[in-house]
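Peer 1: can you look at this prediction? I've put the sequence above it.
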Amino acid sequence: MSLAVSLRTLTAAIVLALGIMPSAKAEPALDKVSFGTNWVAEGEHGGFFQALADGTYKKFGLDVTIVPGGPNVNNRVLLIAGKLDFFMTANTMQSFDAVANNVPVVAVAAMFQKDPQVFLAHPESKVTKIDDLKPLTLFVSKEGIASYFQWLKSEHGFSAEKVKPYTFNAQPFLADKRSAMQGYVTSEPYAVEKRAGFKPTVILLADAGFNPYSTLIETRRDLVENKQDLVQRFVDASIVGWYTYLYGDNAAGNATIKKLNPEMTDDLLAYSVARMKEYGIVDSGDSRRDGIGAMNDARYASFFDMMVRAGVVRRDIDFRKAYTLQFVNKGVGLDLRPKNLQPEK
């Protein structure tokens, strides 16, 4: 046996002894990313948890940590401070507010094409459209008074005299059949039906013309400028997560939500998904063509003008700084939507 053969044999033996596979390729390192939501884990955040649980983020080269929000958590402040990379902001109004206050954040995708804000009314009140709410006592939160109720006043002639404080307790509404209560289409109707045994009438403000985007992915401007590939991969993976959560097997996402929020039930999660699909909260309008997450300049300009007329935002702010279209409208995930999806209402 030659010396060369002996060395090769010895090398092979050492490789096998150490468990080294010469042909194996080391897995590429994942980019660590942190994403804060604005509330506890729930179905309305399902696409993000789905992308985490089923490995979609990892397929896009990301090691994502989701930091749930809550009543005593302000994840947006952590985003601004550089402690988080992305944040789930509630709606376009918050993006406009950031511009007005020179906060260097920008919306990069809108996961909800429709804001899920609704009013719930008793069947006895015979409400069929938004103007039918005018004679009723309206339970509206402090945040609602400062935003969508100003639109109701300016566009529909609602009166503040009919408003009472909404404290996230349904009892005052249940006790007064001539009242209506704010809520989210994905949760409060379910809670009322379970508690009081009747199906409330639901009026979705988005279907009456209130047109902010909702559940937007927001990040700092420096990430948009310096880490465009990272932002793109996070947006794309989140979009894929939302398609899977709505139209595929969402068991992994729901299991993660329930682990983080033990109060969440299978029934409520199923209800939330069903209502998001029924009302086109996530996938309707422009997203049918451009993909989930879609945004456009005309929609932003329309909502900005609406809020200026309502006296909610100043005319002199440059609302275009609130968002960028750089990372959306690329048709990502369209192949995951069912071919037999029902047309929009």
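Peer 2: In hand now; what should we look at? Numbers count the residues shown, from 1 in each chain.

Peer 1: do I have it right that Gly293 meets Ser238?
Peer 2: Yes: if you go by CB atoms under 8 Å, Gly293 and Ser238 touch, sitting 7.4 Å apart. The way it works is simple: take the backbone N, C-alpha and C, and place the C-beta from them, glycine included.

Peer 1: what residues are shared contacts of the two?
Peer 2: Ala109, Met111, Ile217 (CB atoms under 8 Å, 6 or more residues apart in numbering).

Peer 1: and the helix or strand hosting Val224, how far out from the chain's middle?
Peer 2: Taking DSSP states H and E as the definition, Val224 sits inside helix 221-226. In terms of CA atoms, centre = their mean, to the nearest Å, the centre of helix 221-226 is set 21 Å apart from its chain centre.

Peer 1: now do the buried residues in it.
Peer 2: Using 16 or more other CB atoms under 10 Å as the test for burial, helix 221-226 gives Leu223, Val224.

Peer 1: could you point out the helix or strand that follows it?
Peer 2: helix 228-247.

Peer 1: identify the residues contacting the very next helix or strand once past that following helix?
Peer 2: Later in the chain than helix 228-247, the nearest helix or strand by DSSP H and E is helix 251-260. If you take CB under 8 Å, 6+ apart as the criterion, helix 251-260 is touched by 40-43, 45-47, 49-54, 68, 241, 244-245, 264-266, 269.

Peer 1: just the buried residues of the residues you listed.
Peer 2: 40-43, 45-47, 49-54, 68, 241, 244-245, 264, 269.

Peer 1: tell me where the stretch 201-345 of the chain has strands.
Peer 2: Along the stretch 201-345 of the chain, counting by DSSP state E, counting those that start in this stretch, strands occupy 201-204, 214-220.

Peer 1: just the CA atoms of the last one, as CSV, please.
Peer 2: Yep, that's strand 214-220 we're talking about. The C-alpha atoms that make up strand 214-220 are tabulated as CSV, following Å, rounded to 0.1, in the frame of the first residue of the first chain:
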residue,chain,number,x,y,z
SER,A,214,-55.3,48.3,9.0
THR,A,215,-52.9,45.9,10.6
LEU,A,216,-49.9,47.4,8.8
ILE,A,217,-46.3,46.3,9.1
GLU,A,218,-44.3,49.3,10.2
THR,A,219,-40.5,49.7,10.5
ARG,A,220,-38.0,52.4,11.0
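
Peer 1: please renumber the chain so that the first residue is 53 from this point on.
Peer 2: Okay, using 53 as the starting number, the last item reads as strand 266-272.

Peer 1: quick check: angle from it to helix 280-299?
Peer 2: Our comparison of strand 266-272 with helix 280-299, counting by axes from the mean of the first three to the mean of the last three CA atoms, to 10 degrees, yields an angle of 160 degrees.
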